[in-house]
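>>> fold the following for me, if possible:
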Amino acid sequence: MWQREKSLSDRRKACPDFDLRLSMIRQHAINVSGTWFLWVNILFSAFILGRNYFSPQSLAAVPHHPRHLLEISMVLVLAISAGVIFILRMAPDQQAPWLSKLTHRTMMCLSGLWALSFYVFIASGDVRIVFPFSALLIFTALISLYFDGRVLLSFTLPIWTVILICNFVYPSTLSALNALLYVLMAALFESGRRILRSWFVLAIRREQENVDLINQLKLLANRDPLTGIANRRSFQLLLDKEIQRQQQTNAELALIMLDVDHFKKYNDSYGHQAGDECLRNVARCLESATRNGQDIVARFGGEEFIMLLPDTSRQQAVAIAERVKMNLQELGMEHKSSPVAPFVTVSQGIASDVQGTSAIRLIAEADAALYQAKNAGRNRWQYYAG
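This is a model prediction of the structure:
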């Protein structure tokens with residue numbers, strides 16, 4: 001059980017954007033469901049108006065109040081609902097925060113009008129319609145607004161309060177029974193709200209976890225598991241995109257291919273675990289030599305690395321190659337089996353992209369320059385001169 005709770009806690013920690021995502025989806029849901037609920041308000045108000053028009057004897061005038069108080073409130077419900085639906089449909093940005101605020105204020109306004117209408121029903125003695133109609137309206141609101149408790153309560157609470165007060169202000173033989181029914185309905189309403197909201201939050205959480213999992217899988221698919229830098233697949237995709245951008249903008253582009261000098265001898269002398277740590281240290285040195293957020297360092301295979309340098313001239317690429325050499329020299333990883341130096345070194349081949357050069361050709365030129373650097377004695381860089 002503890003392990004399960006720990007697992008759930010770990011997954012929740014892995015969703016740092018959950019609260020933001022929940023807020024955005026709730027905002028979108030309130031606009032969509034709010035529109036449907038406004039149509040429900042139009043239908044209900046039209047029913048009340050039709051009932052009052054075709055059966056005027058069913059509703060006596062409320063003492064000390066205008067005769068047409070109910071008709072006025074229902075017309076306002078109909079007009080406000082239709083107007084807000086039009087605004088929601090015509091809004092250019094359906095995710096605008098002011099739409100949610102408008103929906104919230106509209107629900108508060110409609111709640112007051114419905115509370116007034118139920119007061120008229122009870123005060124006039126037409127109590128038979130109050131419970132079924134209010135229950136239908138309140139549970140329709142629950143279906144539409146369960147995901148936002150603030151908006152839901154702003155609609156239902158005034159209606160409930162007015163009905164309960166009126167049941168005691170205008171007592172009848174069914175006052176106590178009606179009050180009990182509304183208390184039971186409130187309990188049913190709240191339990192339903194909690195269940196629906198928990199399902200809503202759970203669905204959003206599962207969706208966020210799936211999104212995070214997909215992102216993690218993408219990251220793993222594009223990362224070298226040993227060094228943590230980009231792998232060859234990721235590098236190839238980035239190189240293709242960068243060449244396309246370079247061809248459109250005529251920007252400069254450079255590539256440095258690197259190979260750890262006599263790495264097989266290093267493995268034979270220190271072991272494969274030490275060799276793995278050596279590759280990780282080399283990767284960190286390469287990253288420290290690049291410009292943050294601009295250059296890409298990738299493991300190309302085995303002890304080979306490659307650096308993608310966008311918007312980089314020949315002189316800048318040479319300067320980065322020199323920084324790599326100096327970083328490794330300062331790090332000073334012992335390599336007693338190397339005939340080049342007593343520490344780990346790399347050979348580097350530099351190539352620059354010219355208009356129309358393909359990714360395959362650019363890599364081939366960097367590889368050729370690397371081969372020249374090795375033939376020249378290693379622990380150096382060589383620029384591809386054609």
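>>> what about the closest residue to Q236 other than its chain neighbours, how many residues close to it?
Counting by Cβ to Cβ, 6 or more residues apart in numbering, Q236 lies nearest to A359, which is 7.1 Å off, once chain neighbours are set aside. For glycine as for every other residue, the C-beta is placed from the backbone atoms N, C-alpha and C. Using other Cβ atoms under 10 Å, A359 has 19 other residues around it.
>>> test my guess that A359 contacts L238.
No - assessed by Cβ atoms under 8 Å, A359 is found out of contact with L238, at 10.0 Å.
>>> quick one: the strands in this protein?
In the chain, the strands defined using DSSP state E lie at 253-260, 296-301, 304-310, 346-352, 381-383.
>>> now the ones you listed in CSV, with distance to A274 and mean neighbour count?
Supplementary listing: these in CSV, determined by distance: least, Cβ to Cβ, whole Å; neighbours: other Cβ atoms under 10 Å:
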stretch, distance to A274, mean neighbour count
strand 253-260, 13, 26
strand 296-301, 17, 21
strand 304-310, 18, 23
strand 346-352, 17, 26
strand 381-383, 26, 21
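>>> for Q208, find the nearest of these.
Between Q208 and the strands of the chain, the tightest spacing by Cβ to Cβ is seen for strand 296-301, at 28.9 Å.
>>> give the rounded mean pLDDT of the closest one.
For strand 296-301, the mean per-residue pLDDT is 94.
>>> what residues does it touch?
For strand 296-301, contacts defined as Cβ atoms under 8 Å, 6 or more residues apart in numbering pick out 224, 226-227, 229-232, 234-235, 238, 257, 279, 283, 286-287, 290, 305-308.
>>> one more time with 6 Å, if that's ok
224, 227, 229-230, 232, 235, 238, 286-287, 305-308 (Cβ atoms under 6 Å, 6 or more residues apart in numbering).
>>> picking up where we left off before, and the pLDDT for the residue nearest to Q236?
For A359, the pLDDT comes out at 89.
>>> now do S9
41.
>>> check L174 too.
Reported pLDDT for L174: 57.
>>> do R21 as well
Model confidence at R21 (pLDDT) stands at 75.
>>> wait, what's in contact with it?
Q208.
>>> likewise for E287?
If you count contacts by Cβ under 6 Å, 6+ apart, E287 has them with V297.
>>> do you know how far it is from S313?
Distance, E287 to S313, using Cβ to Cβ, to the nearest Å: 21 Å.
>>> next: I243.
Plainly put, I243 is 16 Å away from S313 if you go by Cβ to Cβ.
>>> those two: who's more crowded?
Higher neighbour count among I243 and S313: I243, with 20 against 13, using other Cβ under 10 Å.
>>> surely L328 meets R284?
No - assessed by Cβ atoms under 6 Å, L328 is found out of contact with R284, at 10.4 Å.
>>> out of the two, which sits in the busier spot?
L328 (23 against 16).
>>> which residues touch the more buried one?
When contacts are counted by Cβ under 6 Å, 6+ apart, L328 touches C285.
>>> mind doing that once more with 8 Å?
L328 makes contact with V282, C285, F343, V344, T345, V346, according to Cβ under 8 Å, 6+ apart.
>>> burial of the third one, as a residue count?
Going back to what we said before, that points to F343. If you count neighbours by other Cβ under 10 Å, F343 ends up with 16.
>>> same deal with the second one?
Close neighbours of C285, defined as other Cβ under 10 Å, add up to 24.
>>> pretty sure it contacts M326?
No - assessed by Cβ under 8 Å, C285 is found out of contact with M326, at 9.4 Å.
>>> mind showing which ranges of the protein have poor pLDDT?
In the predicted model, the chain carries pLDDT under 70 at residues 1-16, 54-67, 171-175, 354-356, 386.
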